[in-house]
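>>> build me a model:
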Amino acid sequence: MAEVLAEMVAGVRKVIVQEGDTVSEGDTLVILESMKMEIPVLCEESGVVARIGVAEGDTVQEGDLIAVIE
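Here you go, the predicted structure:
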């Protein structure tokens, strides 16, 4: 199991995956927006998305849970 955490304060622009989706290392999970720049959050290991911790329009703080990959 791997937790994907936010690395900075940002807005959640788009959620790409859904719970139950199979993902591979390097896949984009969500797109964050900070200072008008889009920042993709990439999956660090292959597996299944067990939980999505954000929704489009949310603001995340550094260390907030974005997703859990099993």
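
>>> please work out how many residues are found near Arg13.
Using other Cβ atoms under 10 Å, Arg13 has 15 neighbouring residues. (Each C-beta comes from the backbone N, C-alpha and C, glycine too.)

>>> give me the phi and psi for it.
In this entry, Arg13 is assigned phi and psi values of phi -80, psi -50 (degrees, to the nearest 10).

>>> list the contacts of it.
Remark: with contacts taken as Cβ atoms under 8 Å, 6 or more residues apart in numbering, Arg13 is in contact with 30-33, 38, 56.

>>> low-confidence ranges in the protein?
Of all residues in the chain, none has pLDDT under 70.

>>> just to revisit the earlier point, ranking the contacts of Arg13 by neighbours, who comes first?
So for the contacts of Arg13 (other Cβ under 10 Å), the most neighbours sit at Val30, 26 neighbours.

>>> mind checking the SS state of Glu25?
Using DSSP: H, G, I helix; E, B strand; the rest coil, the structure places Glu25 in coil.

>>> I'd assumed Ile69 was in contact with it.
No: between Glu25 and Ile69 there is no contact under Cβ atoms under 8 Å: 9.7 Å.

>>> neighbour count for the two, which is higher?
Each of Glu25 and Ile69 has its neighbours counted (other Cβ under 10 Å); Ile69 has more, 23 against 11.

>>> need the contact list for the more buried one.
Under the criterion of Cβ under 8 Å, 6+ apart, the contact partners of Ile69 comprise 1-4, 23, 43-45, 47-50.

>>> now, the most widely separated pair of the contacts of Arg13?
Using Cβ to Cβ, these reach their maximum pairwise distance at Glu38 and Glu56, which is 13.0 Å.
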